[in-house]
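J.: Sequence and predicted structure are below.
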Amino acid sequence: QVRLVESGGGLVQAGGSLRLSCVASGRRFSANTMGWFRQAPGKARELVASISWNGDTTDYADSVKGRFAISRDNAQNTVDLQMNSLKPDDTAIYYCAASGLTYYYDTNALTFLGQGTQVTVSS
């Protein structure tokens, strides 16, 4: 059974930082694109960041560019999201995601999702 388990969420003041981590179990994703989505109450789910299987390609939503950084450790089967200069608008449930495609970089294939971790940024 494939599982993606997120950790690291919490409550932080505006301007602060959090680091989210995701560990995959049930299969290895070292050859797959991974990413992070978020969903705020009443809003559509948004792809925040993605990373290719070897880390050479990363993409970010315009709203987080320059503040968030995605990284991965294929040996540990993990993907992290470093979030700096947090704003109240970053408040959401953050979901780890993995692609079912091997080597091919396609964020539309990020179909495996974790249960999510809550991030709340107070003003």
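T.: Yep, it's here. Numbering: from 1, shown residues only.
J.: quick one, what contacts the residue nearest to the spatial centre of the chain?
T.: Nearest to the mean C-alpha position of the chain, by Cα atoms, centre = their mean, lies Trp36 at 2.2 Å. Applying Cβ atoms under 8 Å, 6 or more residues apart in numbering, we find Trp36 in contact with 20, 22, 47-50, 70, 79, 81, 94-97. No exception for glycine: its C-beta is placed from N, CA and C like everyone else's.
J.: for Asp80, same thing?
T.: Contact criterion Cβ under 8 Å, 6+ apart gives Arg19, Leu20, Ser21, Cys22, Ile70, Ser71, Arg72, Asp73 as the residues in contact with Asp80.
J.: quick check, nearest of the contacts of Trp36 to Tyr60?
T.: Top of the list for closeness to Tyr60, among the contacts of Trp36 and by Cβ to Cβ, is Ala49 at 5.1 Å.
J.: Report the secondary structure element holding the closest residue to that closest one other than its chain neighbours.
T.: Counting by Cβ to Cβ, 6 or more residues apart in numbering, Ala49 lies nearest to Ile70, which is 4.0 Å off, once chain neighbours are set aside. Applying DSSP states H and E as the criterion places Ile70 in strand 68-73.
J.: Right, I'll leave it there.
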